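Sequence plus the predicted model coming up.
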Amino acid sequence: ITNELKEGKNTFAIKVTNRNGTTAGLAARIQADAGDGKARVYLTNPTWRTSVNALPLWNRPRYRDSRWHAAKNLGPYGTTAPWITSPQLDSEPLAQATPVESSAATSSDDSTRRSREPFANRRGDATANQTADAPLELGGPDGVGTSDERLPVISLNNLSASALAAAAKGNRQPTIPEKEHPSFSVAPGFHIEHVVGGTESGSLIAMAFNEFGQILASSEGGSLLLVHDTNDNGTPDAVRVCCDKVFNCQGIVAVSGRVFVVGEGPQGLALYRLEDGDRDGTYEKVVALVRFDGKAGEHGPHGITLGPDGWLYISLGNHTQYKTPLAINSPYRNYYEGDILPRYEDPRGHAKGIVAPGGCIIRVDQDGLSPQRIAGGLRNAYDLAFNRDGELFTHDSDMETDEGTTWHRSTRLLHVVPGGEYGWRSGWAKWFEYWPDTLPSVMDTGRGSPTGVVFYEHDAFPDAYHDALFSCDWAQGTINALRLERRGASFVAQREVFLQGKPLNVTDIEVGPDGWLYFCTGGRGTVGNIYRVVWTEGKADATAEDGSPTDTISSVADAIAQRQMHSAWARQRVSVARQELGDQWDRELDRFVLDSRQSGQDRSRALELMHLVGPPPTDEQLLALSSDEDPVVRARAAYYLGLIENQRTTARLIVLLSDDDATTRRIACDALARRASQVTWDKVVGVLGSKDRFEGLAARRLLEWSDSDDWHEHVLQTDDLRVFVQGALAMLATHPEARVARPIVARVGVHARGFVSDSDFVDLLRVVQVAIERGNMSPEELVDARRWLELEYPAGSKYINRDLTTLLAFLQSAEAVPRMVASLDSDADDMEKLHVATRLRFLAEQCTPEQHARMFAYYEQAKTLEGGSGLSGYVQNVMSDFVKSLSPEDHRAILATGDEHPSAALATLFALPEKVDIETVHDLAALYGRLENKTGHAYDELRIGIIAVMGSSGLPQAMEYLRGIYDIDSERRQSVAMALAQQPGGRNWDYLVRSIPLLEGETAREVMAQLRKVDYAPESHEHLRQTIIAGLRLGEDGADVAASLLSHWTQRPTPSPGAGWESVMADWQNWYEQKHPDQPLATEPVASNDDRWSFEDLETFLASEDGTMGSADRGRILFEMAQCANCHRFQDIGKSFGPDLTTLSNRFQRREILESIVYPSQVISDQYASQTVSTTDGQTIVGLLMPGANGQVVIMQSSGIPVTVAENEIEELAPSSVSSMPTGLLNELSLQEIADLFAFLTSGPATELASPPTEETTR
């Protein structure tokens, strides 16, 4: 529902349809993230309201549901029949199932229910609800107990009739057949078993296996847990806390008896090392290694894994801030923002102001020394994993609100290499992934929220899944299997949806010693469970019936064949084997690694064992292996050569820069860069010119470590475009100076004039942009570049045009403007036209008035394009800034056509000076008049904007015009009151006092606060009453302001200073009742139980499309049928006992008219106040007194029947607080008839709004 949220109040409203059986309920959990890293959770419970008779707009925030019934609490979901799921969840206080309303509603097919409180006002409810209503896993798959020793297959939805009957009888939970209503869809041949969860675990956000096959799991907001096996059957089945000193851990890895976690602890948010010195199963020693600022959040530090070099690798989200400094020799350095136009941030403020490099991957040794940034430009990757060859991968998240724009990025599987730049920047400044200074994804994977990842290196699953990367997606509820294939120096991938839940809030995933795939659920307060995916077509020979490994390691060959080597339990088995084998291990390992008869992958694994378990490989071994025929072996040898710094290893790595294998060349560059080796131009130029972008970047990073600038001249003189592009980017990265940038731009111009492919031309355009940004170059320095760029636009490639329009906008090219504006009418994709329009914003001063008009028309259209929720906000912000850059004459021209381009006119209002002149006031008044018959949100916003500008002007003429709007445009009175409040004295004061009953929220608070500045007090007691009611209406959000105004007017001190608002307002109510005992009480109106329609229902209906489409002709007939004409006159119809209604719509809002009908005694004019007449013969008659003939008085009763009484028979007259107008007048009418009646009542003659006077009017 993210895209449905609007700024301000939001309401959660759910329409429920029962499609199965006669028993119905609702259990729902909604989580909102306001962008501050804290989640708010809203649960179904008795505060929700329900109804089976929904009126139009029932699901809108303004709908009043006070007459709806409170939901009934049936009990916790999962433990209340017939919605029983898991025996493990018996004591879990889950979100409460909400019934449809009553027994009558239960059998209804459709019903609606709403959260009683608006989203914007429920800050902190997540915490408040935790005790009574713990978060619900939305339809989540919970385990169901069976008598079978093996854990059952998970099922959800409705139970069978026999299962329901068994549940209803009491103690035993029903067994659900495996194939009945599955909640998971999994690849054929697999099924899913529940391990632990619910009360035992809480919401789980990360997990890992330790050396003994036990699960270490992190509870969201809670401690580190140990999930262990109590009955020695090979399956973890119990949960306990193993460390209460750290919590909220989002990354866990076990290494050599110690545990490393990323979470909160004694020194705040950090990477912690945990140790269990006394071996009692509890980690009592906690050491912070790398510290971060703030608290654990959704965009902070996340997953952790052990690399093939023995270092710890950590994924950091784009909000991560460091307390521990990073090493200056980090592979990822010399990063830059890379945009040349002023940046537009996300309209909703996400990641606003976060600078490069955004999300990163860092590595640190196990003592926390020398933390290094490995790669950057990520958004928010949660987890990371190394494959069998030691290559690192992560799955980055998307920004779905950017959909429909050229800067949108889907979720992406990334191959992470040292020095890798992946191009995330905040707002619209994200780098195109085809640019040469960033790296492409292995695969774009669409919308989602990727979480845990793991490579499957076991053999319990079929061969098709061996070495697959399993990646979880929390938002999509899927686990995907991605099969990687090496392509050059990187990889490509194919994806299969391996498992899908409805839903599946999966957070992390690991492979267990039994070869099964374990995953945990939770996050954002949802219920946590651990499941495992089991292959049902028979187990591998390597596992026993209980799932434990049966193969022993009796040789190095056995160790190399060990499954899931990157897991702690596998490394433990290998380490134990080394100790047991002793010298035999060393001899066999030395022979194996040099044995060319073995496969390259096995020998590569042998090298990894030597490094991680020992004995470490010697220089001679690595040098020999770096010449091996197998490229896999050479590449792995190059990697480990990079960890040994001496002349021999450096010399060999330089030779490997010319290797036949792209991966080996890339790794050789990485290895040399890791030690900041100085490599001459002739050695690196071959790799620098590679068409493989991973190779090219690795060579560029190596070149950036050079202490000499001798290679600059080679870059500027080369004719090889690939070499020039990478070399120029290296020059600009290391020397961000104009003296370096100028010759690069000049050389680009030379290359561009020759024959250049589209892809190479894009690269050249990117070099120019980087040169401008790094060299801080101005348009005046780039006249020659502007000329040849103008000749290239438009091109046949959308990718070229994107960069050309950006560059031409920066260079202020008037020559390109006509072609750019014309492209808005082309058949190009909407996304590309939007890109051009956003660049034209920077060329506003180069455009003609006709071009301005075309752009305004496009901006109006673009706000309605399909896309993410941020698209219209970007367009509005761009248009607003476009308008600000125009001249006052342009602003006046825009206002002149504001009735055609309301969004542009609104943007112009923001560009006007704070105090506009009288001429502008006249322009605004004229525009307001032209909006008379215009409808729609954009026009409503423009009207409000005009009113606000006039109010800010302070001009008497503007104030007089605003008072005129107040008099005849009743629907704008709240906005006008806010404007008039800027000058609360003089003639405005009376308007502001009269507006108090109409005002809500901030407007009410502002108006009453401003009235307190004026030394006037109202004569009518009704104004005091309405101010008390306003205080009651505002409650804690403004009752204090109302009380202060009342004290100011009455000179009565505010009662009970420091007391709660309820007692303060109650005191004012009592005071008013004592002062004015004959007047209506100062209370909010109370609905009658006898009314067919509630005020809230009718208000919402009349604001709907159906409610505004009534027939005035039919309403004329109803005016007489509904007794209105007995007392009221409308034009030539009816009598004049009560107020004349002819100009009703000019004087009152629809809401006021409706309130007077539904609550006739709430506001009574003195002129039409009823009186209680006591006669000499003992009668008591209540009604409106009218003079009769011959000494008689006519009393019009609320029934509409007049009674005539002689004046000399009246014994006593007393004021009545009850109106003579009857209640329930609308009870006999249908909604359509009510719409017709209101159409008639609001069809009176319109009053023309006068223009503001040229000079101030005096009285």
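Structure received.

neighbouring strands for the longest strand along the chain, and are they parallel or not?
Counting residues, the longest strand in the chain under DSSP state E turns out to be strand 238-255. Sheet pairing of strand 238-255 (DSSP bridges) gives strand 223-228 (antiparallel), strand 258-265 (antiparallel).

Work out the gap between the first one and the centre of the chain.
Think strand 223-228. 31 Å (Cα atoms, centre = their mean, to the nearest Å).

mean confidence for it?
For strand 223-228, mean pLDDT rounds to 95.

quick one on the thing from earlier: of the strands paired with strand 238-255, flag the one that's most buried.
The highest mean neighbour count among these, using mean count of other Cβ atoms under 10 Å, belongs to strand 258-265: a mean of 24. Just so you know, the C-beta spots here come from the backbone N, C-alpha and C atoms, and that holds for glycine as well.

report the angle between the axes of whichever helix or strand comes after it and strand 223-228?
The C-terminal neighbour of strand 258-265 among helices and strands, as given by DSSP states H and E, is strand 268-275. Per axes from the mean of the first three to the mean of the last three Cα atoms, to 10 degrees, the angle that strand 268-275 makes with strand 223-228 is 30 degrees.

buried residues in strand 268-275?
Neighbour counts using 16 or more other Cβ atoms under 10 Å place Leu269, Ala270, Leu271, Tyr272, Arg273, Leu274 of strand 268-275 among the buried residues.

ok, back up a step: mind listing what's buried in the longest strand of the chain?
So, applying 16+ other Cβ under 10 Å, buried residues of strand 238-255: 239, 242-243, 245-255.

from the residues you listed, which two are the most distant?
With distances taken as Cβ to Cβ, the most widely separated pair in those is Val239 and Val255, at 22.6 Å.

could you dump the strands paired with strand 238-255 to TSV with distance to Glu1084?
As requested, the strands paired with strand 238-255 are arranged in TSV below (distance: least, Cβ to Cβ, whole Å):
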stretch	distance to Glu1084
strand 223-228	48
strand 258-265	46
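
how about those, which one is nearest Asn10?
Checking the strands paired with strand 238-255 against Asn10 by Cβ to Cβ gives strand 258-265 as the closest, at 30.5 Å.

what mean pLDDT would you report for that closest one?
Mean pLDDT, strand 258-265: 98.

Let me see the residues that make contact with that strand.
For strand 258-265, contacts defined as Cβ atoms under 8 Å, 6 or more residues apart in numbering pick out 210, 216, 218, 224, 243, 245-254, 269-275, 283, 286, 288-289, 295-296, 301-304, 312, 314, 366.

ditto for stretch 308-316
251, 253, 255, 260, 262, 271, 290, 292, 300-307, 359-366, 374, 378, 381-384, 386, 390, 392, 394, 608, 611-612, 639, 643.

what's near enough to touch Ala651?
Contacts of Ala651 (Cβ under 8 Å, 6+ apart): none.

Determine the next helix or strand in the C-terminal direction from the helix or strand hosting it.
For Ala651, the host element (DSSP H and E) is helix 647-656. Once the chain leaves helix 647-656, the next helix or strand it forms, by DSSP H and E, is helix 662-674.

Now do the buried residues in the helix or strand following that next one.
Downstream of helix 662-674, the first helix or strand assigned by DSSP H and E is helix 681-688. Using 16+ other Cβ under 10 Å as the test for burial, helix 681-688 gives Trp681, Val684, Val685, Val687, Leu688.

and if you look at stretch 794-807?
Using 16+ other Cβ under 10 Å as the test for burial, stretch 794-807 gives Pro794, Ala795, Tyr799, Ile800, Asn801, Arg802, Asp803, Leu804, Thr805, Thr806, Leu807.

for stretch 1119-1132, same thing?
Going by neighbour count (16+ other Cβ under 10 Å), the buried part of stretch 1119-1132 is Phe1119, Ala1122, Gln1123, Cys1124, Ala1125, Asn1126, Cys1127, His1128, Arg1129, Phe1130.

JSON lines please, covering these and showing pLDDT and secondary structure.
Formatted as JSON lines, these follow (pLDDT from 0 to 100; DSSP: H, G, I helix; E, B strand; the rest coil):
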{"residue": "Phe1119", "pLDDT": "81", "secondary structure": "helix"}
{"residue": "Ala1122", "pLDDT": "66", "secondary structure": "coil"}
{"residue": "Gln1123", "pLDDT": "69", "secondary structure": "coil"}
{"residue": "Cys1124", "pLDDT": "79", "secondary structure": "helix"}
{"residue": "Ala1125", "pLDDT": "73", "secondary structure": "helix"}
{"residue": "Asn1126", "pLDDT": "72", "secondary structure": "helix"}
{"residue": "Cys1127", "pLDDT": "75", "secondary structure": "coil"}
{"residue": "His1128", "pLDDT": "79", "secondary structure": "coil"}
{"residue": "Arg1129", "pLDDT": "77", "secondary structure": "strand"}
{"residue": "Phe1130", "pLDDT": "80", "secondary structure": "strand"}
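
Kindly indicate which of the residues you listed lies nearest Leu931.
Within those, proximity to Leu931 (Cβ to Cβ) peaks at Phe1130, which comes in at 27.4 Å.

What's the separation between Arg495 and Met443?
For Arg495, the distance to Met443 equals 7 Å [Cβ to Cβ, to the nearest Å].

shared neighbours of these two, anything?
Common contacts of Arg495 and Met443 (Cβ under 8 Å, 6+ apart): Leu482.

So between the two, which is more surrounded?
More crowded of Arg495 and Met443, by other Cβ atoms under 10 Å: Met443, with 21 against 17.

Contacts for stretch 724-744 next, please.
With Cβ under 8 Å, 6+ apart, stretch 724-744 has contacts from 334, 336, 436-437, 688-689, 696-697, 699-700, 703-704, 709, 711-712, 714-716, 718, 747-748, 751, 760, 763-764, 766-767, 770-772, 774-777, 781.

Now that stretch: buried residues?
With burial defined by 16+ other Cβ under 10 Å, the residues of stretch 724-744 counted as buried are 724-736, 740-741, 743-744.

what about it, how long is it end to end?
9 Å (Cα to Cα, to the nearest Å).

chain center to that stretch: distance?
Centre-to-centre, stretch 724-744 and its host chain are 38 Å apart (Cα atoms, centre = their mean).

still on that earlier bit, of all the buried residues of strand 238-255, which comes closest to Ala1043?
So of the buried residues of strand 238-255, ranked by how close each gets to Ala1043 (Cβ to Cβ), first place is Asn248, at 43.2 Å.

can you tell me which residues contact that closest one?
Ile205, Ser218, Glu220, Gly221, Gly222, Gly263, Glu264, Lys295, Ala296.

Please report how far the first one lies from Gly222.
Going back to what we said before, that points to Ile205. According to Cβ to Cβ, Ile205 stands 9 Å off from Gly222.

And for Leu942?
Distance from Leu942 to Gly222, by Cβ to Cβ: 51 Å.
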